[in-house]
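In: all I have is the shape, not the residue letters:
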């Protein structure tokens, strides 16, 4: 990763910067991608609290299926916003509060065991839950308490912990709903972070130019691809098929790994399209956009061949090889974006968000 960053900087520093106006691209990204997907995320999680309430009040196949669907829809919508690692998503630690991942050391599970041992009343309302550890607040915590390891819904099942689990799940759902609403509202506000990106170069502004503002967005897309390969796929692949760990796929416990992986790649591709950078790209480099489209299509085709849930099917047939190729494909997309396109547009960056990971 460090070599990629150094190569990227070397390419970008080899040529003088152009005084290109990137504001139309920034406006396109905000209006055509960020605001719609954050609005969609808020809408997607809106049914989640009611779905929790219903399955806890009247446990049945229908209410269990409705909760599972509401959760899956929430994960799908989250997958399209989680790589927007700047501004409102980072304010108040919203990203980690929505989903604490990756968690290779099982911090979330250890903290949950302590909560259950003490029956901590602080997790039974959204108002007090928001002050707890980020590891026990969001969609990843809800997955641990609401689904069995085989993906079946456990929420609402009779037992000594039912009342506590249902109260806790309700608080998580309401907490996630509130964070999603705040995220959407912040991006919708024309005087919010949108103005930080669009109003550059003046006294007291965050960015000195529209180019610098665009680099923040561009690097978030590259970082999203690094996460997709290095955090979402490689830990599950392990060092060999014999050492693969399917539970390391994101949202594997609830059977939503493919939903999440597909959504994050679709999101990054749509975000690149929303930037509409082709008109600003020198003619000799416009091939990059067709190359990116081809690679994204290949990645989705590989995901479509996999069978859900990956926690149960990974390792069967050609699935290990398919995920291996998927990781290679995402790395190719990352290199094309971070080296070729960034170089063509003379954008600089060093992927500091994940430096050293």
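Out: Good, I have the coordinates. Computed from a predicted model, the values in this text were never measured in an experiment.

In: give me the most central residue, the protein.
Out: Residue closest to the average C-alpha location in the chain (Cα atoms, centre = their mean): residue 82, at 2.9 Å.

In: got the phi/psi numbers for that residue?
Out: phi -70, psi -20 (degrees, to the nearest 10).

In: and what of the one 4 residues further on?
Out: The phi and psi values for residue 86, taken as degrees, to the nearest 10, are phi -160, psi 160.

In: list the contacts of the residue nearest to the centre of the chain.
Out: Residues near residue 82 by Cβ atoms under 8 Å, 6 or more residues apart in numbering: 89, 95, 98-99, 224, 264. For every residue, glycine as well, the C-beta is placed using N, CA and C.

In: now the strands for the chain?
Out: Ranges of strands in the chain, per DSSP state E: none exist.

In: I'd like the average pLDDT over the longest helix seen in the chain.
Out: Assignment by DSSP state H gives helix 162-188 as the longest helix of the chain. Averaging pLDDT along helix 162-188 gives 98.

In: which strands and helices lie in contact with that helix?
Out: For helix 162-188, the packing partners by 3 or more Cβ pairs under 8 Å, 6 or more residues apart in numbering; DSSP states H and E come out as helix 35-45, helix 48-57, helix 94-98, helix 126-129, helix 139-146, helix 193-198.

In: the last one packs against which elements?
Out: Packing partners of helix 193-198 (3+ Cβ pairs under 8 Å, 6+ apart): helix 23-29, helix 162-188, helix 210-226.

In: turn these into JSON lines, including distance to residue 128 and mean neighbour count.
Out: Formatted as JSON lines, the helices and strands packed on helix 193-198 follow (distance: least, Cβ to Cβ, whole Å; neighbours: other Cβ atoms under 10 Å):
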{"stretch": "helix 23-29", "distance to residue 128": "36", "mean neighbour count": "20"}
{"stretch": "helix 162-188", "distance to residue 128": "8", "mean neighbour count": "21"}
{"stretch": "helix 210-226", "distance to residue 128": "32", "mean neighbour count": "22"}
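
In: residue 283: which of those helices is closest?
Out: Among the helices and strands packed on helix 193-198, the nearest to residue 283 by Cβ to Cβ is helix 23-29 (17.8 Å).

In: output the contacting helices and strands for that closest one.
Out: helix 193-198, helix 210-226, helix 257-275.

In: nearest to residue 180, out of those?
Out: Among the helices and strands packed on helix 23-29, helix 257-275 sits nearest to residue 180 (Cβ to Cβ), with 14.9 Å.

In: could you give me the buried positions within that closest one?
Out: 257-269, 271-275 (16 or more other Cβ atoms under 10 Å).

In: please name the residues that touch residue 334.
Out: Counting by Cβ under 8 Å, 6+ apart, residue 334 has contacts 4, 222, 225-226, 229.

In: how far does stretch 72-92 stretch from start to finish?
Out: Distance between the two ends of stretch 72-92: 25 Å, counting by Cα to Cα, to the nearest Å.

In: kindly report the same for stretch 187-194.
Out: 6 Å.

In: contact partners for residue 184?
Out: Going by Cβ under 8 Å, 6+ apart, residue 184 touches 35, 38-39, 41-42.

In: pull out the buried residues from those.
Out: For those, a neighbour count by 16+ other Cβ under 10 Å gives the buried set as 38-39, 41-42.

In: what residue ranges in the stretch 251-357 of the chain score low on pLDDT?
Out: 349-357 (pLDDT under 70).

In: please enumerate the helices of it.
Out: For the stretch 251-357 of the chain, applying DSSP state H, counting those that start in this stretch gives helices covering 257-275, 287-305, 310-313, 319-335, 342-345.

In: rebuild those helices as JSON lines, extending it with distance to residue 119.
Out: What follows is the helices of the stretch 251-357 of the chain, written out as JSON lines (distance: least, Cβ to Cβ, whole Å):
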{"stretch": "helix 257-275", "distance to residue 119": "31"}
{"stretch": "helix 287-305", "distance to residue 119": "41"}
{"stretch": "helix 310-313", "distance to residue 119": "29"}
{"stretch": "helix 319-335", "distance to residue 119": "40"}
{"stretch": "helix 342-345", "distance to residue 119": "52"}
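
In: out of these, nearest to residue 159?
Out: Shortest distance between residue 159 and those, using Cβ to Cβ, is found for helix 310-313: 23.1 Å.

In: what is that closest one packed up against?
Out: Secondary elements touching helix 310-313 (3+ Cβ pairs under 8 Å, 6+ apart): helix 257-275.

In: if we can go back for a sec, any chance of the helices and strands packed on helix 193-198 in CSV, with distance to residue 339 too?
Out: Formatted as CSV, these follow (distance: least, Cβ to Cβ, whole Å):
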stretch, distance to residue 339
helix 23-29, 19
helix 162-188, 29
helix 210-226, 10
